[in-house]
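A.B. asks: Give me the fold of what follows.
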Amino acid sequence: MKSLDELYLLCRDEISKEYILEAIKCYKAGSYRSCIVATWIALVYDFIGKLQELSFNDNIAKALYLNIEDYRLKNNISGTLDFERNLLDTMKTKFELLSPPEYDALKRLNDDRNLCAHPSLRDEVMPFEATAEMARYHLRNVIEFVLSKPPVQGKAALGQVLKMIESSYYPKDSKMIEKAIIDSPLGRAKDNLKIKFLYTLIDKIMDESVEVKLKKKFVNTLPVFVRLNYELAEKRFISKGLKIQEPIDANKMYFYCAILIKVPDLLSHISNVDRIRVNEYLKTDSCVGVLKHFYKFEDYKAAVNIRLDNLECKDLVTFLQVHPINKYMEKVIDYFGKSSSWKSAAYNFLNYIIPLGHQFDKKQVNNILKAIIDNHQILESHGMTEYYMEFCKTLNDKTFELDIWKEFISKEVMPKEANEFILSKFRKLGNIK
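C.D. replies: Here you go, the predicted structure:
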């Protein structure tokens, strides 16, 4: 059970803190009737403060706030009483600040406040007597349900967060996204609103009418939000699985897989039918970005391998930079070795061999050098000269074998600085003096 001091610290607004502090002092002094009255007053003034914040962007809130100000300036007691009498209904229906259970609990506060604030006789001579349990119950409810929460919930809060994501200045970095979410109405939102936002994210990602640039923002937000609210997300979202909605096409499958990549725990909860669909998509239409991630999962490796067999060399290289599978590394080397012109040799060397330099083993490096030596279109390609040094620097020290490099250097195709670099490598390795 939280102490009163811990509850007090949950209050977000400094003015609300002042009002609730008075209620807490009454409670500690044993003045439980006064505590309940002060607690209700804190609730009223907190809502007025929220109306003032909302009035900048919400016309309904602005109109109600101006009415309250008018009541105050004109000393309109009747209008003020009507506002207070309808306060909880207004919070629940017009602004969705209260859930039905919270509304019922605060309705009891209002009833008890009326008993405490007005001459209410328990019997012929004794007034109504509030208890410590009753006072603490109301204190806790008002702080947890209202004073600790931001001024928007429901549709208004959801709309505000979506506008934040759609903004041109929404961050891309996950740490900055986390800060943005925490500072938004979602930071202290109720669970129902959080789940509603989570499913809204999914809908936006899968909605074909949403432009791709905006979808990427929603995709980046998804894992951050799930991480911040994992227990809730696991119980009410992940464990329920994620179904693919008809009609299905490659574009929809891409974003469905993007969701699975960002929230991998979903994979163990999708249906067998959707699991088959994912496998078929991976075999036929998936892009290299999806393949890179799904290769990590044993159930999908076979499908990824089938797709890799048919990838163009450019995409294959992108995949191999993450997963250097020997079979496909050798396929790239073979493709390079068959370069049919000086121009294609330089292009293939720059785009397919150099990016994988740090991944090649000794045998593969030897095969690359043999391919250069054996294919005159490669060996005599002046376009490759400027790339040799870059290639040499990418190689792991363990891949250098003296004999093949001596033969290669003897061909005199590398620039002087590249030759010196290789010779320094062998001196360092103790192979030559």
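A.B. asks: Wait, Leu402 touches Phe426, no?
C.D. replies: Yes - using C-beta atoms under 8 Å, Leu402 is in contact with Phe426, at 6.0 Å. In short, each C-beta sits where N, CA and C put it, glycine included.
A.B. asks: what about these two, which has more around it?
C.D. replies: Higher neighbour count among Leu402 and Phe426: Phe426, with 16 against 13, using other C-beta atoms under 10 Å.
A.B. asks: what's the pLDDT at the more buried one?
C.D. replies: Among the per-residue scores, Phe426 shows a pLDDT of 84.
A.B. asks: how far away is Lys163 from Glu178?
C.D. replies: 19 Å (C-beta to C-beta, to the nearest Å).
A.B. asks: typo on my end, Gln245
C.D. replies: Using C-beta to C-beta, one gets 29 Å for the distance from Gln245 to Glu178.
A.B. asks: who's more crowded, those two?
C.D. replies: It is Glu178, of Gln245 and Glu178, that has more neighbours when counted by other C-beta under 10 Å, with 16 against 10.
A.B. asks: contacting residues for that one?
C.D. replies: 224, 227-228 (C-beta atoms under 8 Å, 6 or more residues apart in numbering).
A.B. asks: mind running it again at 10 Å?
C.D. replies: 171, 221, 224-225, 227-228 (C-beta atoms under 10 Å, 6 or more residues apart in numbering).
A.B. asks: Glu133: which of the residues you listed is nearest?
C.D. replies: Leu228 (34.3 Å; C-beta to C-beta).
A.B. asks: The closest one contacts Arg188, doesn't it?
C.D. replies: No - taking C-beta atoms under 10 Å as the definition, Leu228 is not a contact partner of Arg188, at 11.8 Å.
A.B. asks: which neighbours do these two share?
C.D. replies: What both Leu228 and Arg188 touch, as defined by C-beta under 10 Å, 6+ apart, is the set Ile182.
A.B. asks: more crowded one of the two?
C.D. replies: Leu228 (16 against 13).
A.B. asks: quick one: pLDDT of the more buried one?
C.D. replies: For Leu228, the predicted pLDDT is 95.
A.B. asks: same thing with the one 3 residues further on?
C.D. replies: On the pLDDT scale, Glu231 is placed at 94.
A.B. asks: got it, and the one 3 residues further on?
C.D. replies: According to the prediction, Glu234 has pLDDT 94.
A.B. asks: give the contact list for it.
C.D. replies: So Glu234 contacts 226, 240, 263, 265, 269 (C-beta under 10 Å, 6+ apart).
A.B. asks: and the least confident of these?
C.D. replies: Lys240 (91).
A.B. asks: Give me the number of neighbouring residues for it.
C.D. replies: Neighbours around Lys240, by other C-beta under 10 Å: 11.
A.B. asks: Output the longest helix seen in the chain as PDB, nothing but the C-alphas.
C.D. replies: Ordering each helix of the chain by length in residues (DSSP state H) puts helix 32-54 first. Output of helix 32-54 as PDB, limited to C-alpha atoms (Å, rounded to 0.1, in the frame of the first residue of the first chain):
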ATOM      1  CA  TYR A  32     -11.800  12.800   8.300                       C
ATOM      2  CA  ARG A  33     -14.900  14.800   7.400                       C
ATOM      3  CA  SER A  34     -12.800  17.800   6.500                       C
ATOM      4  CA  CYS A  35     -10.400  15.500   4.600                       C
ATOM      5  CA  ILE A  36     -13.200  14.200   2.400                       C
ATOM      6  CA  VAL A  37     -14.500  17.700   1.700                       C
ATOM      7  CA  ALA A  38     -11.000  18.900   0.800                       C
ATOM      8  CA  THR A  39     -10.400  15.900  -1.400                       C
ATOM      9  CA  TRP A  40     -13.500  16.800  -3.500                       C
ATOM     10  CA  ILE A  41     -12.400  20.400  -3.800                       C
ATOM     11  CA  ALA A  42      -9.000  19.200  -5.000                       C
ATOM     12  CA  LEU A  43     -10.800  17.100  -7.700                       C
ATOM     13  CA  VAL A  44     -12.900  20.100  -8.800                       C
ATOM     14  CA  TYR A  45      -9.900  22.500  -9.100                       C
ATOM     15  CA  ASP A  46      -7.800  19.900 -10.800                       C
ATOM     16  CA  PHE A  47     -10.400  19.400 -13.500                       C
ATOM     17  CA  ILE A  48     -10.700  23.200 -14.000                       C
ATOM     18  CA  GLY A  49      -6.900  23.300 -14.400                       C
ATOM     19  CA  LYS A  50      -7.100  20.500 -17.000                       C
ATOM     20  CA  LEU A  51      -9.900  22.400 -18.900                       C
ATOM     21  CA  GLN A  52      -7.600  25.400 -19.100                       C
ATOM     22  CA  GLU A  53      -4.800  23.300 -20.600                       C
ATOM     23  CA  LEU A  54      -7.200  21.600 -23.000                       C
END
